[in-house]
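Colleague: pasting the sequence and the predicted model now:
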Amino acid sequence: MKRVAVLAFAGLVAGLAFLAGCDDVDLLTPNSLAGVSFTFDGDTTGGYAAAGLPTTLEGQPEFGSWAISTEPDSLGGLIVSAFRATEQPKGDLFVLQLAPLRTGSFTPCEPNAACHGRVIFGYDGGGYEDYFEIVSGSATIDEIGEDRISGTFRFVARDEGGTGNRTLTVDDGTFAVPFVATVPQDELLCLISGGC
């Protein structure tokens with residue numbers, strides 16, 4: 001099984017520890033949570049939707065679907081991320097990194113730019129079945145609230161970390177997710193793999 005580096009997820013991981021203690025989040029309140037969604041076509045077609053907060057049982061992260069944003073990422077900006085649980089311990093991970101944290105448009109989205117990201121299918125906390133890196137596109141942050149961030153994105157991604165011939169094309173991406181500050185590390189892998 002292929003391996004993927006998780007350093008880019010450090011800020012996201014930090015936010016999970018914070019969210020693990022947030023039992024009072026009302027998921028039915030307007031503007032509290034809508035999630036991440038998009039459809040994709042190209043060499044692979046389908047839809048992606050994930051929402052919810054990471055959950056814990058007796059202090060341990062539980063396997064499940066969620067969508068959040070945290071900051072700062074490795075570039076001092078924002079990470080919008082979602083995990084769509086499929087079969088334990090696997091799921092599909094979406095990560096969009098934007099720097100600096102501000103409202104407005106981010107373009108171009110491509111590897112090593114201020115806007116970059118990936119879609120990883122069949123991710124289990126260390127390996128994956130398919131990995132697409134964003135190679136062109138744009139993103140917009142429409143709103144940064146005290147505890148919520150929202151916006152849109154569109155992109156073309158290529159397999160093999162952006163160097164392959166297979167593509168995903170997304171024209172209708174949206175996010176409206178809880179916005180949290182950072183805390184410690186390693187809980188993302190525990191959450192994705194179904195426990196520590």
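Modeller: Alright, I've got the coordinates.

Colleague: CA atoms for contacts and neighbours, from now on please.
Modeller: Fine.

Colleague: what's the neighbour count on the closest residue to Val135 other than its chain neighbours?
Modeller: Distance criterion C-alpha to C-alpha, 6 or more residues apart in numbering; nearest residue to Val135, sequence neighbours excluded, is Glu110 at 4.3 Å. Using other C-alpha atoms under 10 Å, Glu110 is surrounded by 21 other residues.

Colleague: ok, Ser138 next?
Modeller: Neighbourhood size, Ser138 [other C-alpha under 10 Å]: 19.

Colleague: mind checking which helix or strand it is in?
Modeller: strand 130-144 (DSSP states H and E).

Colleague: quick one: the strands in the chain?
Modeller: Using DSSP state E, the strands of the chain run over residues 2-3, 35-42, 46-50, 56-57, 60-61, 66-71, 78-85, 91-98, 104-106, 115-123, 127-128, 130-144, 148-158, 167-181.

Colleague: avg pLDDT for stretch 127-140?
Modeller: Stretch 127-140 carries an average pLDDT of 96.

Colleague: can you show me the CA trace of that stretch as PDB?
Modeller: Output of stretch 127-140 as PDB, limited to C-alpha atoms (Å, rounded to 0.1, in the frame of the first residue of the first chain):
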ATOM      1  CA  GLY A 127      -1.900   4.500   3.100                       C
ATOM      2  CA  TYR A 128      -4.400   5.100   0.400                       C
ATOM      3  CA  GLU A 129      -6.000   3.600  -2.700                       C
ATOM      4  CA  ASP A 130      -6.000   6.700  -4.900                       C
ATOM      5  CA  TYR A 131      -4.400  10.200  -4.400                       C
ATOM      6  CA  PHE A 132      -5.300  13.200  -6.500                       C
ATOM      7  CA  GLU A 133      -3.400  16.500  -6.100                       C
ATOM      8  CA  ILE A 134      -5.000  19.800  -7.200                       C
ATOM      9  CA  VAL A 135      -3.000  21.200 -10.200                       C
ATOM     10  CA  SER A 136      -5.200  24.100 -11.300                       C
ATOM     11  CA  GLY A 137      -8.200  26.000 -10.000                       C
ATOM     12  CA  SER A 138      -9.400  28.600  -7.500                       C
ATOM     13  CA  ALA A 139     -11.100  28.900  -4.200                       C
ATOM     14  CA  THR A 140     -13.000  31.700  -2.400                       C
END
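
Colleague: cool, thanks, signing off.
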